[in-house]
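>>> Build me a model:
(2 chains)
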2 protein chains.
Amino acid sequence: MRIAVDAMGGDYAPRTVVEGAVEAAAELGVDILLVGPERQVKQELGRFKSEGARIALVEAPDTIGMGEGLFSLRKKVRSSIHIGAELVKSKEAQAFVSMGNTAAVTYISKKILGSLPGIEKPGLALLIPTLKDSSLLIDVGASANCQPHHLVQFAVMGQVFMETTLGRKNPTVALMSIGEESTKGNELILKAHELLRESGLNFIGNVEGKDIYRGVADIIVSDGFTGNVALKVSEGVVETMLTMAKYEITRNFLARIGLLFLKHHLKKIYKKIDYSEYGGAHLLGVNGICIIGHGRSNARAVKNAIKLGKEIIEQGLQEKIQENLALLKQAW
Amino acid sequence: MRIAVDAMGGDYAPRTVVEGAVEAAAELGVDILLVGPERQVKQELGRFKSEGARIALVEAPDTIGMGEGLFSLRKKVRSSIHIGAELVKSKEAQAFVSMGNTAAVTYISKKILGSLPGIEKPGLALLIPTLKDSSLLIDVGASANCQPHHLVQFAVMGQVFMETTLGRKNPTVALMSIGEESTKGNELILKAHELLRESGLNFIGNVEGKDIYRGVADIIVSDGFTGNVALKVSEGVVETMLTMAKYEITRNFLARIGLLFLKHHLKKIYKKIDYSEYGGAHLLGVNGICIIGHGRSNARAVKNAIKLGKEIIEQGLQEKIQENLALLKQAW
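Have a look, this model is predicted:
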């Protein structure tokens, strides 16, 4: 099994990406194709004991930054994202993993790999931890402009994802809105609610932002703009609370002692909500496996993103989604 | 000063509303008009020592539930929300406070009180705590369907709000999006970004969901759908973390001791993020003062919502917004 990894993606690239890739090659038994400017990547690789490790370099001279728009993407056709996607297209790799610019990875992957039949827009699917277990949030940022039927397509792909990867049969589907009632939401959501109700999916209605971590549904469907805001707000709230707690506690001796007793337990909680444990999100709907990780990924997160790619290859998820799309009525 | 309070609004109405109103009348030196089915409200009022308190009852036989749609609102014209707004219209009250259905309060207030000149859609403005101080988030749920120029109108009203209530001169305005770059966002946000840049406001660009509690801008503008999701996700994350912490800590003796040392500090943090401290959000853009509180408000939150109404009356905010709207170029 061979996985292409964008060596230049993310805020700490290429260092943490190379580190994570070395760990993945050693621990997961996969071959890694590190894609990036060869000299620079080789130099980073020299920092690690990677002799004999199953890592090869693939030259990609261009680099796409986190904030670059479509215009410059179209010019930089030899970027690590372009070459990574092409390796999947030519079947030299079975999956592509990037911690880079979500919009760029989405746009380039779709352009090079094409879409699955019946899918108009890709949806970035992320498994989030909940009080009960986990829920799949789709889309968390691939398609900012959606029409109602795109949300149904996200739900269908999410259903196959949850059945295949977690064995949840006939998973429940909810729609992210601003009230539980079918009358609540914006125009997009009101119409999507109707379509989902008629879709034959196990649709349980709307959920509000406050419910997404409560585990009320297996799949929560959202347009990419709202889903991305929801995800990043969550991140911000956790960080804010930790910063506040740190400030309060370090100023006080007794509180510091209290923290000592609690540390182990707080770490357990943090581990549950820490994105680096989850690795990345799966770009569903393009004709090939793409995993997009957090821009701030550390080496552990990179390794876990590669691990996610490996699992998806082993489970044959991509093929199962294709089969299901062919079987489903193409009403949307 | 007289403030009308919707006795039937919120999940624990009329009990907590009446309790909060009694506290407000005693502590804040305002007259309260409690609006609702008189017999039922009177009965609740009997539970409190309110003799001599400046509380009067105003009959409103109809009640609007949290999930009721527009159709039933149009029929229930004698609801506590209708009568409350009418008391402001007739100047019998200087403000109306409700913990009820946000969509209903928005729709009815706009219908009865009308809009401020130049404002097409009301924006619900909430002061949120940040690591630095506080930011105004507008719209958190009044207008789910917005056009780009509505977001500029929200920003203008937010500016006057921050200058008037908090004395922040030339406050910074940011736009909620899914990336800091002007190229990131959905169609609504890309266009609103352009308009805000040309507006003459102190516009500093986009912010992401993770930034809203970091205090990066005085005002964060959003359409009502996204703003509401952002707010409720925040609520959900805090609740989820507290639930997880409770579960982890109560199972372990040492952790319980640790918590004892920390309790005081955690309470300080919780107080900072607890919505009941903030009371409510201000519905900007209608021709009269309306405060909408959280549906789950306890008596303390009800009292603080009334307090917010009192402060807004004293500061002459409504008049100042009107003056500023008249002065501003009507390009949007």
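>>> Next, count neighbours for residue A:59.
Using other Cβ atoms under 10 Å in any protein chain shown, residue A:59 is surrounded by 13 other residues. C-beta coordinates here come from the backbone N, C-alpha and C atoms, glycine included.
>>> so what's it bridging to?
residue A:36 (DSSP bridges).
>>> That one and residue A:38 touch, don't they?
Yes. At 4.6 Å, residue A:59 and residue A:38 qualify as touching, with contact defined as Cβ atoms under 8 Å.
>>> for the residue nearest to residue A:213 when sequence neighbours are not counted, what are its contacts?
Of all residues not flanking residue A:213 in the chain, residue B:240 sits nearest, at 4.1 Å (Cβ to Cβ, 6 or more residues apart in numbering or on different chains). Shown in contact with residue B:240 (Cβ atoms under 8 Å, 6 or more residues apart in numbering or on different chains): A:130-131, A:213-214.
>>> can you do 10 Å?
Residue B:240 makes contact with A:129-131, A:210, A:212-215, A:234, A:237-238, A:269, A:272-273 under the criterion Cβ atoms under 10 Å, 6 or more residues apart in numbering or on different chains.
>>> So which residues on the stretch 51-200 of chain A come close to chain B?
Where the stretch 51-200 of chain A comes near chain B, counting by Cβ under 10 Å from any Cβ of the partner chain, the residues are A:65-72, A:101-103, A:129-131, A:140-141, A:143-146, A:176-190.
>>> Those, buried ones only, as a ChimeraX selection?
In ChimeraX, this line selects whichever of these come out buried by 16 or more other Cβ atoms under 10 Å in any protein chain shown:
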select /A:66,68,101,102,103,129,130,140,141,143,144,146,176,177,178,179,180,181,182,183,184,185,186,188,189,190
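>>> Of the residues of the stretch 51-200 of chain A next to chain B, which belong to helices?
Residues from these lying in helices, with DSSP state H as the criterion: A:70-72, A:102-103, A:187-190.
>>> Check those residues and tell me the two furthest apart.
Spanning the widest gap among these are A:72 and A:190, at 37.1 Å by Cβ to Cβ.
>>> Which helix or which strand is home to the residue nearest the centre of chain A?
Residue closest to the average C-alpha location in chain A (Cα atoms, centre = their mean): residue A:281, at 1.1 Å. Applying DSSP states H and E as the criterion places residue A:281 in strand A:280-284.
>>> So is that strand next to chain B?
No. On the criterion Cβ under 10 Å from any Cβ, strand A:280-284 is out of touch with chain B, staying 13.7 Å away.
>>> could you point out which element follows that strand?
strand A:289-293.
>>> which other helices and strands contact that following strand?
strand A:2-6, helix A:80-89, strand A:95-98, helix A:102-113, strand A:123-129, strand A:280-284, helix A:299-315 (3 or more Cβ pairs under 10 Å, 6 or more residues apart in numbering or on different chains; DSSP states H and E).
>>> Outline the domain layout of chain A.
A:1-115+A:285-298, A:120-277 (automatic domain parsing).
>>> Contacts only, for residue A:136.
Going by Cβ under 10 Å, 6+ apart, residue A:136 touches A:125-128, A:154-155, A:157-159, A:161-162, A:165-166, A:168, A:171, A:173, A:217-221, A:281-282, A:284.
>>> Please spell out the ChimeraX selection for the buried subset of those.
Selection of buried members from these for ChimeraX, criterion 16+ other Cβ under 10 Å:
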select /A:125,126,127,128,154,155,157,158,159,161,162,165,168,171,173,217,218,219,220,221,281,282,284
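>>> Inside strands: which ones of the contacts of residue A:136?
Among these, the members falling in strands (DSSP state E) are A:125-128, A:173, A:219-221, A:281-282, A:284.
>>> ok, the residues you listed vs residue A:253, which is closest?
Nearest member of the ones in strands among the contacts of residue A:136 to residue A:253, counting by Cβ to Cβ, is residue A:128, at 37.1 Å.
>>> Wait, that closest one touches residue A:137, no?
Yes. Assessed by Cβ atoms under 10 Å, residue A:128 is found in contact with residue A:137 at 5.3 Å.
>>> Need the residues touching each of those two.
A:212, A:220, A:230-231, A:234, A:281.
>>> and the strand holding residue A:281, what other elements does it pack with?
Taking 3+ Cβ pairs under 10 Å, 6+ apart as the contact cut, strand A:280-284 packs with strand A:95-98, helix A:102-113, strand A:123-129, strand A:134-138, helix A:148-166, strand A:289-293, helix A:299-315, helix A:317-327.
>>> chain center to the fourth one, what's the gap?
Just to be clear, that refers to strand A:134-138. Relative to its chain's centre, strand A:134-138 lies at 10 Å (Cα atoms, centre = their mean, to the nearest Å).
>>> neighbours of residue A:26, just the number please.
Residue A:26, neighbours per other Cβ under 10 Å, totals 17.
>>> which one is it nearest to, not counting chain neighbours?
residue A:53 (6.1 Å).
>>> so when I look at that neighbour, I'm seeing a helix, right?
No. Read with DSSP: H, G, I helix; E, B strand; the rest coil, residue A:53 is coil and lies in no helix.
>>> Please name the residues that touch it.
A:21-26, A:31-32, A:45.
>>> before we move on, back to that, between the shared contacts of residue A:128 and residue A:137, which is nearest residue A:119?
Nearest member of the shared contacts of residue A:128 and residue A:137 to residue A:119, counting by Cβ to Cβ, is residue A:281, at 16.4 Å.
>>> Please determine how far that closest one is located from residue A:171.
18 Å (Cβ to Cβ, to the nearest Å).
>>> for chain A, what's the longest helix?
helix A:224-250.
>>> quick one, that helix and helix A:148-166 angle?
60 degrees (axes from the mean of the first three to the mean of the last three Cα atoms, to 10 degrees).
>>> Give me the buried positions along helix A:224-250.
Within helix A:224-250, judged by 16+ other Cβ under 10 Å, the buried ones are A:224-238, A:240-241, A:244-245, A:248-249.
>>> Whatever helix or strand comes next after it: how far from the chain's middle?
Using DSSP H and E, the helix or strand that follows helix A:224-250 in sequence is helix A:253-273. Chain-centre distance of helix A:253-273: 29 Å, with Cα atoms, centre = their mean.
>>> my read: residue A:257 touches residue B:257, true?
Yes. Shown here, residue A:257 and residue B:257 form a contact pair, counting by Cβ under 10 Å, at 9.3 Å.
>>> OK, contacts around residue A:69?
So residue A:69 contacts A:101, A:103-104, B:181-184 (Cβ under 10 Å, 6+ apart).
>>> Over to residue A:83?
A:4, A:6, A:33, A:35-36, A:58-62, A:77, A:96, A:108, A:112.
>>> follow-up on the earlier one: how about the residue nearest to the centre of chain A, nearest residue that isn't a chain neighbour?
In space, residue A:281 is closest to residue A:126, 4.0 Å off (Cβ to Cβ, 6+ apart).
>>> ok, back up a step: show me what the strand holding residue A:281 pairs with in its sheet, parallel or antiparallel.
strand A:123-129 (antiparallel), strand A:289-293 (antiparallel).
>>> could the ones you listed be laid out in JSON lines, adding distance to residue B:319 and mean pLDDT?
Formatted as JSON lines, the strands paired with strand A:280-284 follow (distance: least, Cβ to Cβ, whole Å; pLDDT from 0 to 100):
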{"stretch": "strand A:123-129", "distance to residue B:319": "46", "mean pLDDT": "94"}
{"stretch": "strand A:289-293", "distance to residue B:319": "50", "mean pLDDT": "96"}
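>>> Quick check: residue A:242 vs chain B, distance?
To chain B, residue A:242 is 10 Å away according to Cβ to the nearest Cβ, to the nearest Å.
>>> nope, residue A:218 is what I meant
Distance from residue A:218 to chain B, by Cβ to the nearest Cβ: 17 Å.
>>> Roughly how far does the closest residue to that residue other than its chain neighbours sit from residue A:134?
Nearest residue to residue A:218, sequence neighbours excluded (Cβ to Cβ, 6+ apart): residue A:171, at 3.4 Å. Separation of residue A:171 from residue A:134 (Cβ to Cβ) stands at 11 Å.
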